[in-house]
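Undergrad: Mind looking at a prediction? Sequence and model below.
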Amino acid sequence: MSFKQLLLYVLGGFLSMNTYAQSPSESNNFPPNATLEQCVDFALKNRANINIAQLDEEIAEKDIAAGLSGWLPSVNMSTNYNHNIKIPTSIIGGQVIALGSKNVSGLTFQADQQILNAQLIQATKAAKFSRELYKKNTENTEINTVVEVSKAFYDILISNEQLGIIEANILRIDKQLSDASSRFEVGLVDQTDVKRAKISKANSLADKKRTLEMLKYKYAYLKELIGLNQEDNLTLSFEEEDLETKILVDTAEGLNVTQRVEYQILETQKKLQLLQTKFNKVSYIPTMSAFINYGWDWRSEAIKDLYDITVPRSVFGLNFSFNIFDGNKKLQNLRKSRLLETRLDWEMVALKNTINTQYQFAISAYQANVNDWMTAKENLQMSQDVYDVIQLQYNAGVKNYLELMTSDTDLKTAQINYLNSLYSVLSSKLDVEQALGNINTNQQ
């Protein structure tokens, strides 16, 4: 292989390593006018937390492979050169005789194979559960992402609806202000009605400004959740979002804590700890390995003649070691492992209680929010009816402007309360589904 070919090979390998995984600097193609499903799907691929969890899975896989590599034979090479300033001697027949040469060199290749090793046995059995644990951690991150992105999307949707209500309210107030000004000019009313209309308009404009500013933050927060750069454009589509059809959840479904990924993570940790306890029990077994080597020796009085004569050698053998006493280290590790098992049992009990409390809170909040939403929906319809009647009566001169303003404020309040209660229902529904372990992360 020429130097040029070698250089191209090394560069190719380097580039392939750098393009192996998705990097944060890669451009993301986020669709315009994205729906909720598209936002969730994009987040599951691009959110930093999920990519970190997936990288942790890959890192764990490499750790597992590294741990299991001990079962494969290892091949080593060693070489040496020694110059004996004083040649070693030995007493033979009462005479001191020099043994060896001034210059000694050797080259050895040796292959070692593990036959019995408690740590490798432990690594082999634990590999399955280690993979499962990291997959569950990734799944937990994905579930939280689905919930957080959905809530953020609904929050923006509700805020846009509120903005539409405020803008419609401003149009109504503009008409009321125009009517009040006209009536004031002809002397039908005093200036009070005009000032009230101006005050109402100023308040609505302030509400609009506040809502617009909060929308900037909410869009920035959604960008963070889905893994979109802040300088990138984000537009959403709400045309397919009929929120009232998404508020129902089966409250009769019983809670099963084993469906929760957090509980499954603890179960996997318990399996790993049980394996660790077994390992601590069998760590007393001896270690056995085999080896074979082949080498060459060179000896010479003159360094220039060192490599003229080659003397080959080869050895096959078994290594067997057994620890007789280690200061009770293994015994203490065994006792510690059993205590960790007990600790995990208590953690599972605590998590069960936490999940039960979380579910009870979520289901209670959901049912209360549904009741609030139904009440708000009825109040909205009644407030609209009242406003329509009073507006007709105001135009006919039966009602004064103060009564029209009051009904207008009641209508706006009812509209905002309806939207807020609708968001609360959607949010608490997600909490119920998460508490039940029913969040689906397969959005593609």
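TA: Cool, got the structure.
Undergrad: Quick one: name whatever helix or strand follows the helix or strand of the chain with the lowest mean pLDDT.
TA: Least confident element among the helices and strands of the chain, by mean pLDDT, DSSP states H and E: helix 3-18 (a mean of 42). Next helix or strand after helix 3-18 toward the C-terminus (DSSP states H and E): helix 36-46.
Undergrad: tell me what that following helix is packed against?
TA: helix 118-185, helix 191-226 (3 or more Cβ pairs under 8 Å, 6 or more residues apart in numbering; DSSP states H and E). In short, each C-beta sits where N, CA and C put it, glycine included.
Undergrad: mean confidence for the longest one?
TA: Averaged across helix 118-185, the pLDDT comes to 91.
Undergrad: Of the helices and strands packed on helix 36-46, which stretch is the most buried?
TA: Sort the helices and strands packed on helix 36-46 by mean neighbour count, taking mean count of other Cβ atoms under 10 Å, and helix 118-185 sits at the top with a mean of 18.
Undergrad: just the angle between it and helix 191-226, please?
TA: 160 degrees (axes from the mean of the first three to the mean of the last three Cα atoms, to 10 degrees).
Undergrad: how far does helix 118-185 sit from the chain's center?
TA: 16 Å (Cα atoms, centre = their mean, to the nearest Å).
Undergrad: Remind me what it packs against, helices and strands.
TA: helix 36-46, helix 48-68, helix 191-226, helix 261-282, helix 401-436.
Undergrad: Out of the ones you listed, which is closest to Tyr81?
TA: helix 48-68 (33.4 Å; Cβ to Cβ).
Undergrad: neighbouring contacts of that closest one?
TA: Helix 48-68 is contacted from outside by 21-22, 24, 43-44, 120, 123-124, 127, 130-131, 133-135, 137-138, 141-142, 145, 227, using Cβ atoms under 8 Å, 6 or more residues apart in numbering.
Undergrad: pLDDT on that helix, on average?
TA: 95.
Undergrad: partners of the helix or strand following that helix in the sheet?
TA: Where DSSP H and E defines the elements, the next helix or strand beyond helix 48-68 is strand 74-83. Strand 74-83 sits in its sheet next to strand 103-116 (antiparallel), going by DSSP bridges.
Undergrad: Can you say which of the helices and strands packed on helix 118-185 is nearest to Ala302?
TA: helix 48-68 (47.0 Å).
Undergrad: Once you drop chain neighbours, what's closest to Asn417?
TA: Take Asn417 and drop its neighbours on the chain: the residue closest to it by Cβ to Cβ, 6 or more residues apart in numbering is Ala376, 4.7 Å away.
Undergrad: pLDDT value on that neighbour, please?
TA: pLDDT, Ala376: 95.
Undergrad: Who are the contact partners of Gly437?
TA: Asn256, Gln259, Arg260, Val261.
Undergrad: Distance of it relative to Thr138?
TA: Between Gly437 and Thr138 the distance is 16 Å, computed by Cβ to Cβ, to the nearest Å.
Undergrad: Would you mind measuring from Leu205 to Leu163?
TA: In terms of Cβ to Cβ, Leu205 sits 12 Å off from Leu163.
Undergrad: repeat for Tyr217
TA: Tyr217 is 14 Å from Leu163, by Cβ to Cβ.
Undergrad: Break down the stretch 301-444 of the chain into its strands, ranges please.
TA: Using DSSP state E, counting those that start in this stretch, the strands of the stretch 301-444 of the chain run over 311-321.
Undergrad: pLDDT weak spots in it?
TA: Within the stretch 301-444 of the chain, the stretches with pLDDT under 70 are 443-444.
Undergrad: Ser383 is nearest to which of the helices and strands packed on helix 118-185?
TA: That would be helix 401-436 among the helices and strands packed on helix 118-185, by Cβ to Cβ, at 3.9 Å.
Undergrad: buried sites along the closest one?
TA: 401, 404-405, 407-408, 410-412, 414-436 (16 or more other Cβ atoms under 10 Å).
Undergrad: tell me the contacts of Lys201?
TA: Per Cβ under 8 Å, 6+ apart, neighbours of Lys201: Ile170, Ile173, Asp174, Leu177.
Undergrad: And these, which two are furthest apart?
TA: Of all pairs in the contacts of Lys201, the most separated under Cβ to Cβ is Ile170 and Leu177 at 10.0 Å.
Undergrad: Quick check: chain neighbours aside, which residue is closest to Ala53?
TA: In space, Ala53 is closest to Thr138, 4.1 Å off (Cβ to Cβ, 6+ apart).
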